[in-house]
Each structure stands twice: as C-alpha cells, then as structure tokens.
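**Student:** Build me a model:
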Amino acid sequence: MTHTFNEFSTNAIFNIGNEHDLVPFKKAKQSEFYTFIWAKSEPVELIIDSVPFTVEPHSILALTPIQYLQYISGRDVTIYQFNQEFYCIKDHDQEVSCVGILFFGNINIPVIHLNTVEQEKFETLHEVFIDELETEDNIQAEMLRMLMARFIIKSTRLLKAKAGIIETPKSSKVDLLREFNFLVEQHFKTEHSVAFYADKLYKSPKTLSNNFAKLNRSPLHIIHQRIVLEAKRLLSYTDKTTKEIAYEIGFEDASHLSRLFKKHTTLSPSDFKKRLNTSS
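**Tutor:** The predicted model follows:
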C-alpha cells in the first residue's frame, strides 16, 4: 500500500510504498524523486545507471532524482520518495540537506547497513511515519519533514561510521568535497576545469587537490566521472548521437568527449552503444 502526502501550496510530494512501486521501473528511467529503497528480508536486484546492483537484506539504498533506476527483482521492500519541494527547500544543516553525503557525497551509491538494533529503530521510525501520514492537520507537513530529517540524520551517521569518516568542528575536508560535488552537479555541462570550481569555493586548484588527495579523490577525476556518467546515461536511454551528446555536455568537438569516454571506460561511445544494443 502506498501512503502519499501532497502539499498543493508548494507542490511538495512525499510517498511511502513497497515493491509494487518499483514495477514502473521494470524499464529504466529516472525517478524524479529522492529515493530510499529499504531491502527488508531478502535482496533486491536493481540496475542503476546501467550497472547491476544488489541491495542486501537489512540495507537502505539512497538515490538522487537524476539517476536511472531499473527494477529486476526483490520483495519485502519499503520505499521512501520525496521531491525537492517537500524537503530540500527547507533550511537544513548541510549534513542532512539535499547536498549532504547521502546524495552528493564521497560515496557514489550510498548503502546504509542496519544491524539488529538499528533495524528496530528504523522500524519504529517507519511506524511513526505511517501514523503521521494518516493524521491530517495543519502541522502534518512540518511533522513529516522533521521525521525525514531524523531518517536522514540516522542514515548519515551510519554511513559515515561505515566509511570511517571522523570529523571535528575544525575538519572540513568532507564538507569541501560535498560542496565541490554539488557544484559539479550544477555546472558540469558547461564547466570542465578545476579552476572554475576552485574559484567558486574560494580555494586554489592546488588546495583542492591536496585536500581531496587525503580522501583518495581528485577534483579533475570527479568532473570527468560526472561527464562520463552523463554520457553513459544519454547513450543508454536516448537515441542521441555522440555529436549531440558531446554538444549537450559542453564539448564543441565530439572527439574530445570520445577520448575522455574511452579513457574512463576503455570503449568509444559508439562501441559502448553497440555493446548495449547487443546485450539488450
């Protein structure tokens, strides 16, 4: 059963559902929502941006609206979905906002693993969500947003603990990486240089590189990964030519995109497309 909240004044949408809500994704498409997929007692098989992915039992997967999702199999699933108008327009702390580590952080596909104690805590929170969705009054929207903030806070803590991320008030490397990723998400189709993003962050390119090196990242590699990911999406889910895709991602010469694509995938865009057609 799907529980839905709609706030017509802001166009806010929040849904809680189950595996039946994944059926429309039998064919890959973007969800257009921030999405949590919670595998309860059995694994859930998905394809995310053309890559097969298994969500193990007692795990929660976080996805952004821009990722392509395809549902293969799996039952006993709980789905949480919300749009920007529901949650992201609020003034949340960066750690639990729509630019937080769950959505634009240093882990490409964040998965939160729940032990027995955490399973009970998340089940209790789920019951409160359902109770609030069935209570319609003038503070329902705020209550639901508070519950989602709690859900995101708990998930973020577990994800950071798993990744071994330890931050102090004076440690900002992860925050800097998150801000960089968010800027890349906004500008990667037009801006491909580290200098542009460094300027936006009031840092030098060298400072960015030194900070990210301690997190095993490279600013230029992050930019290139995002460009290649977008090219893969457009090759996989549209009929656009390599030249059209190159232009859309900010390359005047398609050969520049082709070289970058092959460097990251070992395939040219045309060979990548042929492989997709062969396997489908």
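**Student:** what mean pLDDT does stretch 73-91 have?
**Tutor:** Across stretch 73-91, pLDDT averages out at 85.
**Student:** List the buried residues for it?
**Tutor:** 74, 77-84, 86-87 (16 or more other C-beta atoms under 10 Å). In this view, the C-beta of every residue, glycine as well, is placed from N, C-alpha and C.
**Student:** what's the most distant pair in those?
**Tutor:** Using C-beta to C-beta, the buried residues of stretch 73-91 reach their maximum pairwise distance at Gly74 and Gln84, which is 27.2 Å.
**Student:** Following element in sequence after the one helix or strand in the chain whose mean pLDDT sits lowest, please.
**Tutor:** Every helix and strand in the chain was compared by mean pLDDT, DSSP states H and E; the lowest is helix 101-104, with a mean of 73. Going down the chain from helix 101-104, the next helix or strand is strand 111-113, by DSSP states H and E.
**Student:** what's the span of stretch 238-245, first residue to last?
**Tutor:** With C-alpha to C-alpha, to the nearest Å as the measure, stretch 238-245 spans 10 Å from end to end.
**Student:** shaky segments in the stretch 51-200 of the chain?
**Tutor:** 89-97, 99, 104-108, 163-175 (pLDDT under 70).
**Student:** show me where the stretch 1-150 of the chain has helices.
**Tutor:** Ranges of helices in the stretch 1-150 of the chain, per DSSP state H, counting those that start in this stretch, are 84-87, 101-104, 116-133, 140-163.
**Student:** any idea which of those helices is most buried?
**Tutor:** helix 101-104 (a mean of 23; mean count of other C-beta atoms under 10 Å).
**Student:** ok, Arg233 - contacts?
**Tutor:** By C-beta atoms under 8 Å, 6 or more residues apart in numbering, Arg233 lies in contact with 49-50, 68.
**Student:** Next, format the helices of the stretch 1-150 of the chain as TSV and append distance to Tyr197.
**Tutor:** Shown next, in TSV, are the helices of the stretch 1-150 of the chain (distance: least, C-beta to C-beta, whole Å):
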stretch	distance to Tyr197
helix 84-87	22
helix 101-104	13
helix 116-133	36
helix 140-163	23
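**Student:** Identify whichever of these lies nearest to Glu252.
**Tutor:** Across the helices of the stretch 1-150 of the chain, closest to Glu252 is helix 101-104 (C-beta to C-beta), at 27.7 Å.
**Student:** other SSEs contacting that closest one?
**Tutor:** Secondary-structure packing of helix 101-104 (3 or more C-beta pairs under 8 Å, 6 or more residues apart in numbering; DSSP states H and E): helix 140-163, helix 173-187.
**Student:** what's the offset of that helix from the middle of its chain?
**Tutor:** 6 Å (C-alpha atoms, centre = their mean, to the nearest Å).
**Student:** For that helix, list the C-alpha coordinates in PDB.
**Tutor:** These are the backbone C-alpha positions of helix 101-104, laid out as PDB (Å, rounded to 0.1, in the frame of the first residue of the first chain):
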ATOM      1  CA  ILE A 101      26.700  13.000   1.900                       C
ATOM      2  CA  LEU A 102      23.700  10.700   1.100                       C
ATOM      3  CA  PHE A 103      23.000  12.400  -2.100                       C
ATOM      4  CA  PHE A 104      26.100  14.300  -3.300                       C
END
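**Student:** how about the helices of the stretch 1-150 of the chain, which one is nearest Glu185?
**Tutor:** Among the helices of the stretch 1-150 of the chain, if distance is taken as C-beta to C-beta, the winner is helix 101-104, at 6.0 Å.
**Student:** Name all residues that make contact with Asn18.
**Tutor:** 1-2, 77-79.
**Student:** repeat that for 7 Å
**Tutor:** 77-79 (C-beta atoms under 7 Å, 6 or more residues apart in numbering).
**Student:** Just the ones of the residues you listed in strands?
**Tutor:** Among the contacts of Asn18, the members falling in strands (DSSP state E) are 77-79.
**Student:** Turn those into TSV, columns for distance to Asp21.
**Tutor:** Formatted as TSV, those follow (distance: C-beta to C-beta, whole Å):
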residue	distance to Asp21
Val77	8
Thr78	10
Ile79	5
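**Student:** Going by distance to Glu123, which of those residues wins?
**Tutor:** Lowest distance from Glu123 to the ones in strands among the contacts of Asn18 (C-beta to C-beta) belongs to Thr78, with 9.4 Å.
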